[in-house]
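# Build me a model:
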Amino acid sequence: MARRERVMRMSVEQPLWRALTAYRVLTLFYAVGLFATAYSRFPHPWVAIAYYCVLFVWTLATLPRVAGAAHCTKRFLAADLTLAVGGILLTPLADAHARIAGGGPTLPSIWTAGSVLAFAVKGGWRWAAVASTAVALANLVERGTPARDTVHNVILVWVASIAIGYVVEVARASERTLARALEIEAATRERERLARDIHDSVLQVLAMVQRRGAVIGGEAAELGRMAGEQEVALRTLVSGGLVPVSRVSHDAADGAVVRVVEEHEGHGEEDGDEPVDLRALLAPYAGSRVSLAEPGAPVPLPPAAAREVAAAVGAALDNVRRHAGQDARAWILVEDEPDAVLVTVRDDGPGIPAGRLAQAEGEGRLGVAQSIRGRLRDIGGTAELVSVPGQGTEVELNVPKRAKPARGKAESR
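Sure, this is the predicted structure:
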């Protein structure tokens with residue numbers, strides 16, 4: 001069985017990084033445009049020109065840094081914030097005091113918010129609070145007095161950055177929860193598949209050894225008793241199972257990671273291969289006490305789905321032999337409908353007492369819960385069981401003709 005691992009990385013914050021990249025470029029040109037329109041009113045324009053040259057080179061050179069969390073390091077964020085704060089503090093050297101007192105913009109203008117937002121996206125609301133506080137202090141020093149518009153802008157940046165940082169933290173927690181849920185689902189499906197295989201082979205053999213040993217007696221009885229103990233232990237293990245630890249990237253800002261293993265069974269088929277005739281897979285079950293009624297024309301199903309249906313029929317017949325006795329008769333009816341295939345397995349046994357299936361599932365006996373219903377559920381079908389005490393049992397399998405087995409099993413490594 002070929003196994004191929006693929007990694008699914010989930011990061012809802014990646015669009016935020018792309019938006020931040022565009023924001024930094026747009027606000028750079030906005031700040032330069034503001035300066036250009038008021039150039040004649042600057043007493044020392046060369047200070048502003050020198051700053052804008054540095055800001056232009058820095059912004060374009062660091063675009064890869066703000067394209068994702070991996071390259072946006074603490075050192076870069078500190079340098080970026082220093083450039084923003086430095087531009088605010090340089091404003092009184094380039095602009096006239098009257099314009100500053102009248103509410104004129106700082107040299108970096110709203111470009112500064114991009115630096116603060118980078119802190120928010122990278123480190124959450126706590127980092128955002130630190131960065132926005134530093135910008136607030138620089139604005140108050142630049143203005144010299146806590147004017148109304150300055151306080152308004154400071155509070156706006158402070159609240160917005162902290163809110164975005166908090167949203168990012170919530171999104172990361174949601175990603176980890178989703179990754180955990182996906183792995184649990186995939187692990188559960190894999191456990192159910194293994195449980196069906198074990199039920200169809202090992203558990204059946206252990207149960208047979210237990211019964212035969214009790215009949216033969218002597219040393220065989222002791223062997224049968226040990227086989228019975230191992231059967232109970234194995235059923236408990238199979239019904240409990242293990243769930244792998246959730247995968248989270250080393251850098252939480254990269255998003256949650258789910259490792260998925262796709263399995264292709266070694267039968268040479270792919271999803272696009274021709275369907276197989278279900279009748280050919282059910283024919284071996286026919287015998288002196290099992291009657292098979294089928295259409296005269298082929299009953300096509302996808303290869304994997306057809307095998308699952310045949311295995312479910314085999315599990316139903318095993319239950320007939322085990323619980324209705326070796327002399328019980330069974331009938332298999334195959335019906336080919338336009339959109340689905342119906343397979344009915346009926347026996348003339350004593351039937352199943354009310355509540356027995358739930359009790360068996362609680363004891364780890366998975367013949368119906370997994371070997372029949374689980375198989376049909378995994379290929380998008382349904383399995384209905386009707387049993388009346390004293391009138392036998394009927395299992396009806398309904399399979400869509402486009403049924404495909406569930407794929408993508410999480411692997412714990």
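
# now the closest residue to residue 323 other than its chain neighbours, what's its secondary structure?
Among residues not flanking residue 323 along the chain, residue 349 sits closest, at 6.5 Å (CB to CB, 6 or more residues apart in numbering). Glycine gets a C-beta too; all of them are placed from N, C-alpha and C. At residue 349 the chain is in coil, as set by DSSP: H, G, I helix; E, B strand; the rest coil.

# wait, residue 349 sits on residue 393?
Yes: counting by CB atoms under 8 Å, residue 393 is a contact partner of residue 349 at 6.3 Å.

# Pick out whichever of the two has more residues nearby.
Neighbour count, other CB atoms under 10 Å: between residue 349 and residue 393, residue 393 has more, with 25 against 21.

# Tell me who's in contact with the more buried one.
319, 320, 324, 346, 347, 349, 351, 352, 385, 386, 387 (CB atoms under 8 Å, 6 or more residues apart in numbering).

# Buried ones among these?
Taking 16 or more other CB atoms under 10 Å as the criterion, what is buried in the contacts of residue 393 is 319, 320, 324, 346, 347, 349, 351, 352, 385, 387.

# Model confidence for residue 142, exactly?
At residue 142, the model reports a pLDDT of 85.

# Now do the helix or strand that contains it: which elements does it pack against?
In the assignment (DSSP states H and E), residue 142 maps to helix 125-143. Counting contacts by 3 or more CB pairs under 8 Å, 6 or more residues apart in numbering; DSSP states H and E, helix 125-143 packs against helix 74-94, helix 97-101, helix 111-123, helix 148-198.

# just checking, residue 345 is part of a strand?
Yes: assessed by three-state DSSP, residue 345 belongs to a strand.

# And it, what's its pLDDT?
So, for residue 345, pLDDT stands at 91.

# Just confirm it contacts residue 394, I think it does.
Yes: the criterion here is CB under 8 Å, and residue 345 meets it with residue 394 at 7.3 Å.

# I'd like to know how far the residue most central in space within the chain sits from residue 174.
Nearest to the mean C-alpha position of the chain, counting by CA atoms, centre = their mean, stands residue 182 at 3.5 Å. Distance, residue 182 to residue 174, by CB to CB, to the nearest Å: 12 Å.

# which residues does the residue lying farthest from the centre of the chain contact?
Of all residues in the chain, residue 43 has its C-alpha farthest from the mean position, at 59.4 Å, by CA atoms, centre = their mean. With contact taken as CB under 8 Å, 6+ apart, residue 43 is in contact with 94, 95, 96.

# what about 7 Å?
For residue 43, the contact set (CB atoms under 7 Å, 6 or more residues apart in numbering) comprises residue 96.

# Check which residues of stretch 171-183 are buried.
Under 16+ other CB under 10 Å, the buried positions of stretch 171-183 are 171, 172, 175, 176, 179, 180, 182, 183.

# Apologies, that question was intended for stretch 55-71.
Quick answer for stretch 55-71 (16+ other CB under 10 Å): 55, 59, 62, 65, 66, 68, 69.

# Among the residues you listed, which one lies nearest to residue 295?
residue 68 (57.6 Å; CB to CB).

# Quick check: that closest one touching residue 16?
No: between residue 68 and residue 16 there is no contact under CB atoms under 7 Å: 10.2 Å.

# Might one say that residue 24 is in contact with residue 58?
No: when contacts are counted by CB under 7 Å, residue 24 is not listed as touching residue 58 (9.6 Å).

# Could you point out which residue ranges in the stretch 301-413 of the chain have low pLDDT?
354-370, 403-413 (pLDDT under 70).

# ok, which stretches of it are strands?
Using DSSP state E, counting those that start in this stretch, the strands of the stretch 301-413 of the chain run over 330-336, 340-347, 382-387, 393-400, 409-410.

# Outside of the second one itself, list whatever touches it.
Residues external to strand 340-347 that are found in contact with it (CB under 7 Å, 6+ apart): 278, 299, 301, 309, 313, 316-317, 320, 324, 328-335, 392-401.

# Quick check on those: which are buried?
Judged by 16+ other CB under 10 Å, buried ones among these: 278, 299, 301, 309, 313, 316-317, 320, 324, 328, 330-332, 334, 392-401.

# which one is residue 127 nearest to, not counting chain neighbours?
Leaving out its chain neighbours, residue 127 is closest to residue 119 (CB to CB, 6+ apart), at 4.3 Å.

# That neighbour and residue 78 touch, don't they?
No: here residue 119 does not reach residue 78: they are 9.6 Å apart, not a contact under CB under 7 Å.

# When the two are compared, which one has more neighbours?
residue 119 (27 against 12).

# For that one, give me its contacts.
Residue 119 sits in contact with 77, 127, 128, 131, where contact means CB under 7 Å, 6+ apart.

# Need the pLDDT of it.
For residue 119, pLDDT reads 92.

# Next one: it from residue 68, what distance?
15 Å.

# and if you look at residue 117?
Taking CB to CB, one finds residue 117 at 14 Å from residue 68.

# before we move on, what about residue 276?
In terms of CB to CB, residue 276 sits 47 Å off from residue 68.

# With just CA atoms, put stretch 344-357 into CSV.
Provided in CSV are the C-alpha atoms of stretch 344-357 (Å, rounded to 0.1, in the frame of the first residue of the first chain):
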residue,chain,number,x,y,z
THR,A,344,-29.9,-6.8,1.0
VAL,A,345,-28.7,-9.7,3.3
ARG,A,346,-31.5,-11.6,5.0
ASP,A,347,-31.4,-14.7,7.3
ASP,A,348,-33.9,-17.0,9.0
GLY,A,349,-32.2,-16.9,12.4
PRO,A,350,-33.7,-16.0,15.7
GLY,A,351,-33.2,-12.2,15.2
ILE,A,352,-31.5,-9.8,17.5
PRO,A,353,-32.9,-8.8,20.9
ALA,A,354,-33.7,-5.2,21.5
GLY,A,355,-30.7,-3.2,22.8
ARG,A,356,-28.2,-6.0,21.9
LEU,A,357,-26.4,-3.9,19.2
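
# circling back: neighbour-wise, which of the contacts of residue 119 leads?
That'd be residue 131 among those, by other CB under 10 Å, with 30 neighbours.

# ok now do it, which residues does it touch?
81, 115, 116, 119, 161.

# Can you report how many residues lie near the nearest residue in space to the first one that is not next to it in sequence?
Take residue 81 and drop its neighbours on the chain: the residue closest to it by CB to CB, 6+ apart is residue 115, 5.1 Å away. Applying other CB under 10 Å, we find 26 other residues in the vicinity of residue 115.

# Alright, calling it a day.
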